[in-house]
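K.L.:
give the three-dimensional model of this entry:
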Amino acid sequence: MGGGEQDEKHEDEEVDHEKKDKKKNKKEKKEKDQEDEHGDEENSKEKSKKDKKKDKNKEEKNPEDKKDPAKLRQKLEKLESKMQALVAKRDELLKLLNDVEQGSTNEAITETDTS
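P.N.:
This next block holds a predicted model:
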């Protein structure tokens, strides 16, 4: 009878190991699926970036563009509009920075007055 109890314990241990293995396999499969989905998104982003770079290179490599005044003016206007947008952003940031700096100095002054 003592041997029968050992057999039952051994079978119970095997069942427990099988359950653990199944859970582990499910978890690994789930993680792998998530990685695959993540990888697909990253690959598609990389492909689109590469396509954009190729398009830009095609535009820049056309030697006739350097001699065509209309294309040169168009490029110049595009650069100027970008520069204007950047200047506007710069001004906005400077204004915010000044407001923050003035606010912090005003708070320091009011704290010393109340002390």
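
K.L.:
what's the spacing between Lys30 and Leu86?
P.N.:
Distance from Lys30 to Leu86, counting by C-beta to C-beta, to the nearest Å: 46 Å. For glycine as for every other residue, the C-beta is placed from the backbone atoms N, C-alpha and C.

K.L.:
domain boundaries for the chain, per the record?
P.N.:
By the assignment in automatic domain parsing, the chain contains the domains 1-61, 68-115.

K.L.:
least reliable of the ones you listed going by mean pLDDT?
P.N.:
Mean pLDDT is lowest for domain 1-61 among the domains of the chain, at a mean of 69.

K.L.:
Lys71: neighbouring residues, count only.
P.N.:
A count of nearby residues for Lys71, using other C-beta atoms under 10 Å, gives 14.

K.L.:
just give the nearest non-adjacent residue to it, would you?
P.N.:
Nearest residue to Lys71, sequence neighbours excluded (C-beta to C-beta, 6 or more residues apart in numbering): Asp65, at 4.6 Å.

K.L.:
how many residues are close by that neighbour?
P.N.:
14.

K.L.:
do a quick rundown of the helices in this protein.
P.N.:
2-60, 69-114 (DSSP state H).

K.L.:
which strands and helices sit next to the last one?
P.N.:
Here helix 69-114 touches no other helix or strand, going by 3 or more C-beta pairs under 8 Å, 6 or more residues apart in numbering; DSSP states H and E.
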